[in-house]
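Engineer: With the sequence up front, the predicted model follows.
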Amino acid sequence: MKTNQKLIPFALGALAMLLIFLVWRGLTVKTEDQVQNDYYIITNQIRKMNKMVVMEQDFSSIQKTKVTSKLLGGMLPNIEKELITFTKTNAQVSYDLNKMKIEVDSINKKLIIKELPNADIRITPSVEIQSLDDSFFDRFDQKDFQKITKSAKDNAYKVVNQERLRSEGRKQLLENLDNIFVLAKALNYTIEDRTGTFDTSKL
């Protein structure tokens, strides 16, 4: 009887130790799994965005080109030929998010923004001939078309305000990145900006 009384406290102590061990192990395993899942979700979200086109604008313009030719040194009346081109221009601002440097501190639950990519501006003009008026004696040739087309494209590049596009694109990029911040906050991560770009009061 005395032996049983001695065994009962020992058994209860052993059982208590086992329960503590199982609870501790369960909590530890759960924490590790959660950290791994957090990291995967955040980095996967950024990789899905990859190259982000944040802004796109279309422009159009008409260019009229008149060429006057003198025959026999001006002894004969001048001959004129005329060509009208229509230029459609597409301008895009994009960011390669593979160049975005971030660090996920899963231990302290921080998403650290170290560097943002620079904007890539792509301008694509397309030139169409709308009308052509020349004469039998003075035709437009391939060199004329190439020269006029180049002039129309050069003018299209000048029309696009790249600085404004870059500025507006940057604003749009920051708005789009809010999706990542919302995800990180939902996982109880804090955002640390080391670029000095974001309003820290809103992070």
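Structural biologist: On my side now, so go ahead.
Engineer: Which element is encountered next along the chain beyond the lowest-mean-pLDDT helix or strand in the chain?
Structural biologist: Across the helices and strands of the chain, mean confidence by mean pLDDT, DSSP states H and E is lowest for helix 2-49: a mean of 54. Moving toward the C-terminus from helix 2-49, the next helix or strand (DSSP states H and E) is strand 51-69.
Engineer: Please list the outside residues in contact with that next one.
Structural biologist: Here strand 51-69 makes contact (CB atoms under 8 Å, 6 or more residues apart in numbering) with 78-98, 130, 138, 144, 148, 151-152, 155-156, 159-160, 165, 168-169, 172-173, 176. C-beta: built from backbone N, CA, C; applies to glycine.
Engineer: again, only this time at 7 Å
Structural biologist: 78-97, 138, 148, 152, 155-156, 159-160, 165, 168-169, 172-173, 176 (CB atoms under 7 Å, 6 or more residues apart in numbering).
Engineer: For residue 90, give the beta-bridge partners.
Structural biologist: residue 58, residue 124 (DSSP bridges).
Engineer: neighbours of it, just the number please.
Structural biologist: 15 (other CB atoms under 10 Å).
Engineer: Now do the same contact list for it.
Structural biologist: Contacts of residue 90 (CB under 7 Å, 6+ apart): 56, 58, 124.
Engineer: could you point out which element follows the helix or strand encompassing residue 148?
Structural biologist: Residue 148 is located in helix 142-159, with elements delineated by DSSP H and E. Once helix 142-159 ends, the next helix or strand along the chain (criterion: DSSP H and E) is helix 162-186.
Engineer: tell me the angle of that next one relative to strand 51-69?
Structural biologist: In terms of direction (axes from the mean of the first three to the mean of the last three CA atoms, to 10 degrees), helix 162-186 departs from strand 51-69 by 170 degrees.
Engineer: Flag every buried residue along helix 162-186.
Structural biologist: 165, 168-170, 172-173, 177, 180-181, 183-184 (16 or more other CB atoms under 10 Å).
Engineer: Equivalent analysis for stretch 57-73, please.
Structural biologist: Buried residues in stretch 57-73 (16+ other CB under 10 Å): residue 63.
Engineer: So for that stretch, mean pLDDT?
Structural biologist: Taken as a whole, stretch 57-73 carries a mean pLDDT of 79.
Engineer: Ok, stretch 118-133 next?
Structural biologist: 89.
Engineer: circling back: in terms of secondary structure, what does the helix holding residue 148 contact?
Structural biologist: Applying 3 or more CB pairs under 7 Å, 6 or more residues apart in numbering; DSSP states H and E, one finds that helix 142-159 makes contact with strand 51-69, strand 79-96, strand 120-133.
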